[in-house]
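Novice: Quick check, what structure comes out for this input:
(3 chains)
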Amino acid sequence: MSILSPSDKVWWHEPIEKTELIWISIVFVWGVFMTFMMPYWHVVGDQNLPNETYRVTPEQYMAKAQSVVDQFTVGEFGPQKIPVVHPPAGSDVYLVARLWSWWPVLELEKGQSYRVHLSSLDWQHGFSLQPANINIQVVPDYEYVVTLTPDEAGEYSIVCNEYCGIGHHLMLGKLLVVDK
Amino acid sequence: MSPQDVPPQNEEIPFMQRLLDNPFILLFLGVASPAVLYLIWGIMEIVSIPLGK
Amino acid sequence: MNTNLFRVCPETGFQVHKPGERLMKANAVAAVVFLLIGGIYGLGVGLTRWPAVHLLPADQFYLVLTAHGLNVLIFWIIFFEIALIYFCSAVLLNCRLATPKLGWVAFGLMLVGALLNNYIVLQGNSSVMMTSYTPMGADPLFYLSLILFAVGALIGCFIFFGTLVIAKAEKTYEGSIPLVTFGAMVAAIIAVFTIVSGAIILIPTFLWSVGLVAHIDPLMYRMIWWAFGHSSQQINVSAHIAIWYAVAALVFGAKPLSEKVSRTAFLMYILFLQLASVHHLLVDPGVSSEFKMFNTSYAMYLAVMASMVHGLTVPGAIEAAQRARGFNKGLFEWLTKAPWGNPVFSGMFISLVGFGFLGGITGVVMGAEQINILIHNTLYVPGHFHATVVLGTTMAFMAMTYWLVPVLFRRELVMKGLAKFQPYIFGLGMTGVSLFLMGAGTLGVPRRHWDIGFAGTGMTHDFPAAAYTMLALNGMSVVLAVIGGASFCIIIVASLLFGRKLGEEKSSPALAANMVTDKEYKGIGLGGLTVPGTLCLTLIFFAAFAAYYFINWKYLSQTWGIS
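Specialist: Numbering: from 1, shown residues only, chains lettered A, B, ... in the order given. So this is what the prediction gives:
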């Protein structure tokens, strides 16, 4: 009985019940398969987060983002007049997370790839692109470089999904995808 | 189980059973394993992140 | 052995160390009190998320959400776990509890920590969520209260290990410790790693909050904090599985199918379960895919394998015992003839099924490195852990409490009719909470978010109408779960205060079943298998697991290219 000591002094040699052996074999093979699935997806799948990350200060990061905004702004978005930036396909684009906004509004072309840099100027934030449902942690002092390839044109929202204080639910940004 | 399969009760206790009967070796393993595989490996990764350009 | 310090339990025949028993009672009572407090906060969270109700203003919502997490996830569960590991060492080994005086120091530290934490969170300047990610800061007392609580819990763990040493030295048991005590030991081992990790990160953070340390690296904080935050949930897993084995023994007189298999499965927990801390870092910058894949798979899913083995051996032991007692017909007579009106059993079984099907499958699927991109920080995450920690752990702890009240407090349960239904009410409510939160999360709804309508942002984002329906259904499920949780607290508190005193009388029906004998086990089963019904159930589980796993890879393949 499991609340009492095993009745046999040496229990290690007890035979294993057949049902247990069947089940252990199944779950072991399944575990090996699931282990294999992740590196396999790195080879054949199109959705893999990269390792490319740099240490950065908020000032350095903001300066780089500002320079891209200065070069490629094509308009303004919404009542806050957030710059809309249309960078060349394949280029480095910067998204700034801060209390409580995403800046600027990126305008990307469908089917093109962009090196999107993510960092925060203050607290931790969560990049949640909706409705594509891509969720990436945004950490201050670190610059994460993720290559994104939009597959459909439209107006996407960037929701903050890391709690960042009292204005967390006000932190909404936009990302536009246009046809080439 | 036929009678001859029953291990005699004075038999030497197998290594794995002795391991599982020793709380302090298990405590050591339970702290060392995640400390090395998760904490130390993870901290090394963060420390080795390069400076941005 | 000083006989004045011991009583013989009329229900189980165990020698109960009275000073140790007083500590178990104190910790268990404190646990239920914090469950009650945390549950009330939970009602506030659920009713605010319900769009038509939207009960609390934003600042109060974030305050209440912080308090809810800490009270139920930390205080209720750890107080109960301390009571449980004292019980599994001192009572099950017929031994005195090591250093009861130090036990009271531990209890005092935990109680002061928990009360101080509630006080400081209610002040309103520490609404930082349980995770308190830097550089967002809380009041210094917030960190200090958690450190006090953790030090108390760590002392409790060493009292447990000390008791094991005493029991061995005084030869109060023969051979190996019981499987249930072994499971409790695994919980205590994981607790030591958990608390040490917590100290490594919370002490510097406390010093940072008072200005003695200049900077806490936010990525390092996440890495080390989760060795504490996630591992603390692995304590729960080990503890509630120990309870599953205990209930199988107490209600059915079952013995484990194989000591070797069950203990080896627990060894996999000791070695690998805590690696799952990386589940929270799968979409973080600066952490390599190699590190993520190795740790998120608990080194080749060996700890997942262990959970699935327990998922077979616990119901398997029950099936074998039931068949041995005459319910040997067909595949499922053992299950249909189980005591479904006994909350000790029904609570345990709901915990087993809920933890496996809802908590386990979703946890492993979203723990696949790439699939995590779809769900990180969405409501799916709280959906998942309400299945593991509430439906799994809390439900099992409730079931065990129904058994402990007559045994430790020697009081008969009151409101037995309500107690019969309580696990079902709570289980159904919490199943709803879990499913609807996961549903909303699948649709992209963020966690810890006061208003997914984004009023006042000058922009709009429309989540699908189904997301709002999910949140409303979640709110209703929360109400049901709170009714179930409140019923539990009322039954327990009323039993402790007004339950008939049992004295030396043995409860009827018996609280501890006679052990099934080897003779009774002879000739049970179907088609050469001893526990065919359980195998059948586990195969259904496996089919659900595999299907859900592949569906999520399919979802993932349909989103943008990410590289």
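
Novice: where along chain A do the strands fall?
Specialist: A:53-55, A:73-77, A:82-85, A:92-98, A:101-103, A:105-109, A:114-120, A:125-130, A:134-138, A:142-149, A:154-160, A:172-178 (DSSP state E).

Novice: Go through those strands and name the closest to C:Cys157.
Specialist: Put simply, out of the strands of chain A the one that sits nearest C:Cys157 is strand A:134-138, at 31.6 Å, with distance taken as CB to CB. C-beta coordinates here come from the backbone N, C-alpha and C atoms, glycine included.

Novice: Around chain B, which positions in the stretch 201-350 of chain C sit nearby?
Specialist: Within the stretch 201-350 of chain C, the positions near chain B by CB under 8 Å from any CB of the partner chain are C:217, C:219-220, C:223-224, C:227, C:231, C:263-264, C:267, C:270-272, C:274-275, C:277-278, C:281, C:286-288, C:291, C:294-295, C:299.

Novice: Next, format the strands of chain A as TSV and append mean pLDDT and mean neighbour count.
Specialist: Output for these, formatted as TSV (pLDDT from 0 to 100; neighbours: other CB atoms under 10 Å in any protein chain shown):
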stretch	mean pLDDT	mean neighbour count
strand A:53-55	97	20
strand A:73-77	96	14
strand A:82-85	97	20
strand A:92-98	98	22
strand A:101-103	96	22
strand A:105-109	97	23
strand A:114-120	98	23
strand A:125-130	98	26
strand A:134-138	98	26
strand A:142-149	98	21
strand A:154-160	97	22
strand A:172-178	97	20
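
Novice: Same list, these, but as JSON lines with distance to chain C please.
Specialist: What follows is the strands of chain A, written out as JSON lines (distance: least, CB to the nearest CB, whole Å):
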{"stretch": "strand A:53-55", "distance to chain C": "4"}
{"stretch": "strand A:73-77", "distance to chain C": "8"}
{"stretch": "strand A:82-85", "distance to chain C": "9"}
{"stretch": "strand A:92-98", "distance to chain C": "12"}
{"stretch": "strand A:101-103", "distance to chain C": "9"}
{"stretch": "strand A:105-109", "distance to chain C": "10"}
{"stretch": "strand A:114-120", "distance to chain C": "7"}
{"stretch": "strand A:125-130", "distance to chain C": "5"}
{"stretch": "strand A:134-138", "distance to chain C": "4"}
{"stretch": "strand A:142-149", "distance to chain C": "3"}
{"stretch": "strand A:154-160", "distance to chain C": "4"}
{"stretch": "strand A:172-178", "distance to chain C": "5"}
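
Novice: Give me the nearest residue to residue 37, chain neighbours excluded.
Specialist: No chain was given, so I picked chain A. Counting by CB to CB, 6 or more residues apart in numbering or on different chains, C:Ala368 is the residue found nearest to A:Met37 once chain neighbours are left out, at 6.7 Å.

Novice: that's the other chain; I wanted chain C
Specialist: Among residues not flanking C:Ile37 along the chain, C:Asn71 sits closest, at 5.1 Å (CB to CB, 6+ apart).

Novice: and the one you found, how far is that from C:Thr457?
Specialist: For C:Asn71, the distance to C:Thr457 (CB to CB, to the nearest Å) stands at 31 Å.
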